[in-house]
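In: any chance you can model this:
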Amino acid sequence: MGSLLLGVTLFILNIGTRFCEIVVEQDRFISGSVDSTVNLSCHLKHGAHEILRVNPYWIINKTGEDVMYLYPPNNPTLKNRVKEINKDHMTDMTILVSRLELTDTETYHCFVSLLVNSSTEPQSMLVSGNGTMLFVHGPVEVEFNDTEIMCKTQVRWVENVSLVWEYRDKNLLIEKETQTWVQALDGSLWIMNRLEVKFENFVGNTTFYCQLNHDLKYNIASKGLEIPGRGPIQVEMNESEIICQVQVGMMKHVSLDWYHRDQNLLSAQDNCSQYRTGSNWITNCLKVQLEQCVGDVTFYCQLSYSSKPIANESLEIPCRGVPQIRHPVLLYSLLLGTSFLILMIVILISLKMRQCKPRTRQRGINLPRYKFI
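Out: Residues are numbered from 1 along each chain as shown. Below you'll find the model as predicted:
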């Protein structure tokens, strides 16, 4: 009934066109977090007309329901939370709403009842703005564990709103992104977005931003979270051992291991087992039997996450050993067998050549005999 009366009044009071320059301007969208304070702006534009009196009204006009006044408040719960900022101002009808609640999420219309001076007699008018959408939300919360980052916030409804992830490095391997919502006991909704990322691939710190967006292309709120990634693998050698270390963001499920093709060169790691130092550094040192190898040998330090290789770094070390004959009997047998094989090949070739030589009978040649004195 209140909506009908307000509509009829608005129609009757605006039948004239001579006051078309008088309009009310409102913000289209405004947002605020729970327990915060926002300003709902309303400005009267009257051109060259002289305004004698103004009375502002802020209402919530729901279809099928009675008109609810936000200002002047007709609800006791709003009386101490709403006030006009410039009460004696003729064109600024902005109000302040404090201690926001999720249930304050509505579209609010500013109506101004005014008395305009004219050439004949003062004229009464009622003008209104297009309405301001007030969106109230809970704090944006961001957290992460070993496998995912989660962002969540509490809202009155989830229509036309979404949580979106933003990050600078677009080369990050994103496994999966899932957005869901859950209804709370008070009827509000929790909207959540989970992002599955391979944290072990991060080199250096990476900041993720979770944004609460509205379909009207408004960024309502955002929250950033910096996730520490790993540093480069560092490999070096001193007089008695080789050392591999790396700084990681998370210690859980991360390990460093040494690899080499000749496993006989790796010691039993006595007094040199893997240990962890401060500031999320993982270090693994290795004693190597360098006297047992000849030439340059390459060792690989491998970083693994949940037993899966992530990255590795190599180090080439010159050995101090000399060539040694470990199996002399086998070597002598090999030399003897090779010599015998070569001899047999020579004999066979010789016999073959003799068999292939043509046989011819030589005729007798009578040579004159000379006698030498």
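In: quick one: terminal-to-terminal distance for stretch 139-156?
Out: From the first residue to the last, stretch 139-156 extends over 13 Å; the measure is Cα to Cα, to the nearest Å.
In: same check on stretch 124-134?
Out: For stretch 124-134, the separation between the terminal residues is 30 Å (Cα to Cα).
In: just the buried residues of that stretch, please?
Out: Buried positions in stretch 124-134, judged by neighbour count with 16 or more other Cβ atoms under 10 Å: 125, 126, 127, 128, 129, 131, 132, 133, 134. C-beta here means a position set from N, CA and C on the backbone, and glycine is covered the same way.
In: which parts of the stretch 201-350 of the chain are helices?
Out: Using DSSP state H, counting those that start in this stretch, the helices assigned to the stretch 201-350 of the chain run over residues 328-355.
In: below-threshold pLDDT in it: ranges please.
Out: Within the stretch 201-350 of the chain, the segments meeting pLDDT under 70 span 201-204, 228, 249-252, 261-279, 290, 292-294, 320-329, 331.
In: verify the stated contact: residue 233 with residue 244.
Out: Yes: with contact taken as Cβ atoms under 8 Å, residue 233 and residue 244 are classed as touching, separated by 6.6 Å.
In: anything in contact with each of the two?
Out: Counting by Cβ atoms under 8 Å, 6 or more residues apart in numbering, the contacts common to residue 233 and residue 244 are 301, 313.
In: neighbour count winner among the two?
Out: With other Cβ atoms under 10 Å as the criterion, residue 233 and residue 244 differ in neighbour count, and residue 244 comes out ahead with 25 against 19.
In: what's the distance between that one and residue 98?
Out: Taking Cβ to Cβ, to the nearest Å as the measure, residue 244 falls 59 Å from residue 98.
In: now residue 314
Out: Noted for residue 314: a distance of 64 Å to residue 98, by Cβ to Cβ.
In: got it, and residue 128?
Out: As defined by Cβ to Cβ, residue 128 lies at a distance of 24 Å from residue 98.
In: same check, this time on residue 175
Out: When Cβ to Cβ is the yardstick, residue 175 and residue 98 sit 43 Å from each other.
In: more crowded one of these two?
Out: A side-by-side neighbour count of residue 175 and residue 98, using other Cβ under 10 Å, places residue 98 first with 13 against 10.
In: what residues are up against the more buried one?
Out: 37, 81, 82.
In: return the members of the residues you listed classed as buried.
Out: Members of these that pass the buried threshold by neighbour count (16+ other Cβ under 10 Å) are listed as 81, 82.
In: wait, which of the contacts of residue 98 is closest to residue 160?
Out: Sorting the contacts of residue 98 by how near they are to residue 160, with Cβ to Cβ, puts residue 37 at the top with 23.8 Å.
In: for the residue nearest to the closest one when sequence neighbours are not counted, give me the pLDDT.
Out: For residue 37, ignoring the flanking residues on the chain, the nearest one in space by Cβ to Cβ, 6 or more residues apart in numbering is residue 98 at 4.4 Å. Reading off the confidence values, residue 98 has pLDDT 95.
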